[in-house]
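Engineer: predicted model, plus sequence, below.
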Amino acid sequence: MNLKPVLAGFTLAVLGTISAVAAPINTFVTATGATESGGNAVNASAVVTLGTGTITVTLTNLLANPTTVAQNISDFFFTLNTTPTGFPSTVTPTGSLITVAGGTSTPDTTDTLKSWALTATGNQIHIDALVASQGPTSAPKQLIIGPGPYTNANASITGSTHNPFINGTATFTFAVSGVTANSVVSNGIFSFGTDGGDNVNATGGGGGGGSVTPEPSTFLLGGSLVGLSLIIKRVKRA
């Protein structure tokens, strides 16, 4: 049997599959038992996905039934292995808004999502809600709140000062010159509450850098090579 058509078809199928797979996903989380500076429990995750000239950051507040606005996500920092350039000064998240009152939440269909500030210090990128676009800096709104019910919530959550909130998850996508799917992301840091600097280091990979899920192509290529060797053996036996 002629192996050339078999090998050619198999190779094209593998290459087509590999070209369509996603970029590496970098995941950062707060450590078990983490607290913000006031001693309140916090629980958050961040997923940073890189593409050619783009970065997507998905922030999720995992803390159910929060007590205070100090447990809401307000900022996220991460570091690239190259100096970022050519990115906008603000980025508007996607997500949904809710208003919390009386221990329950209701969808906010009146307000629109406000932009967060986007800055860089050296190789570190900072996404920040504590800016004028979120309302007075002494009373910022639209921080990311964890899931309900909100039976533990005090007046900092149920009052009008900081309502509405982003419900659970916010996703930020922006252009950055020089970034590729192979760029390295490390040193995730969350901030919580309405005062800047209430930072909590993220955990995940070595040195708190975040865990990396390899490109699916890594698994596909290895599996494909094994499959190819089996095909060759079977054809030879035939």
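Structural biologist: It's in. Numbering: from 1, shown residues only.

Engineer: can you verify my assumption that Thr54 contacts Ser177?
Structural biologist: No - between Thr54 and Ser177 there is no contact, the gap being 10.4 Å when judged by C-beta atoms under 8 Å. Bear in mind the C-beta positions are built from the backbone N, C-alpha and C, glycine included.

Engineer: can you pick out the residue with more neighbours from those two?
Structural biologist: Thr54 (16 against 11; other C-beta atoms under 10 Å).

Engineer: ok, what's across the strand from the more buried one?
Structural biologist: Gly51, Ala175 (DSSP bridges).

Engineer: quick check: closest non-adjacent residue to Gly197.
Structural biologist: Ser191 (7.2 Å; C-beta to C-beta, 6 or more residues apart in numbering).

Engineer: buried by neighbour count: which residues of stretch 38-47 qualify?
Structural biologist: Asn40, Val42, Asn43, Ala44, Ser45, Ala46, Val47 (16 or more other C-beta atoms under 10 Å).

Engineer: going by distance to Asn26, which of the residues you listed wins?
Structural biologist: Val47 (7.1 Å; C-beta to C-beta).

Engineer: the residue nearest to Gly197 is in what secondary structure piece?
Structural biologist: Using DSSP states H and E, the element containing Ser191 is strand 185-192.

Engineer: got a list of contacts for that strand?
Structural biologist: With contacts defined as C-beta atoms under 8 Å, 6 or more residues apart in numbering, strand 185-192 is touched by 26, 28, 30, 36, 42, 44, 46, 48, 50, 70-81, 124, 128, 130, 197-202, 204-205, 207-210, 212.

Engineer: from the residues you listed, keep the buried residues only.
Structural biologist: 26, 28, 30, 36, 42, 44, 46, 48, 50, 70-80, 124, 128, 130, 198, 200, 202, 204-205, 209-210, 212.

Engineer: just to revisit the earlier point, let's have the buried residues of stretch 38-47 in a markdown table, adding secondary structure and pLDDT.
Structural biologist: Shown next, in a markdown table, are the buried residues of stretch 38-47 (DSSP: H, G, I helix; E, B strand; the rest coil; pLDDT from 0 to 100):
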| residue | secondary structure | pLDDT |
| --- | --- | --- |
| Asn40 | coil | 97 |
| Val42 | coil | 98 |
| Asn43 | coil | 98 |
| Ala44 | strand | 98 |
| Ser45 | strand | 97 |
| Ala46 | strand | 97 |
| Val47 | strand | 95 |
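
Engineer: of the residues you listed, which pair is most distant in space?
Structural biologist: Asn40 and Val47 (23.7 Å).

Engineer: buried sites along stretch 102-116?
Structural biologist: In stretch 102-116, counting by 16+ other C-beta under 10 Å, buried: Ser105, Asp108, Leu113, Lys114, Ser115, Trp116.

Engineer: based on its surroundings, how many neighbours for the nearest residue to Pro66 once chain neighbours are set aside?
Structural biologist: Among residues not flanking Pro66 along the chain, Gly146 sits closest, at 5.3 Å (C-beta to C-beta, 6+ apart). Neighbour count of Gly146, defined by other C-beta under 10 Å: 21.
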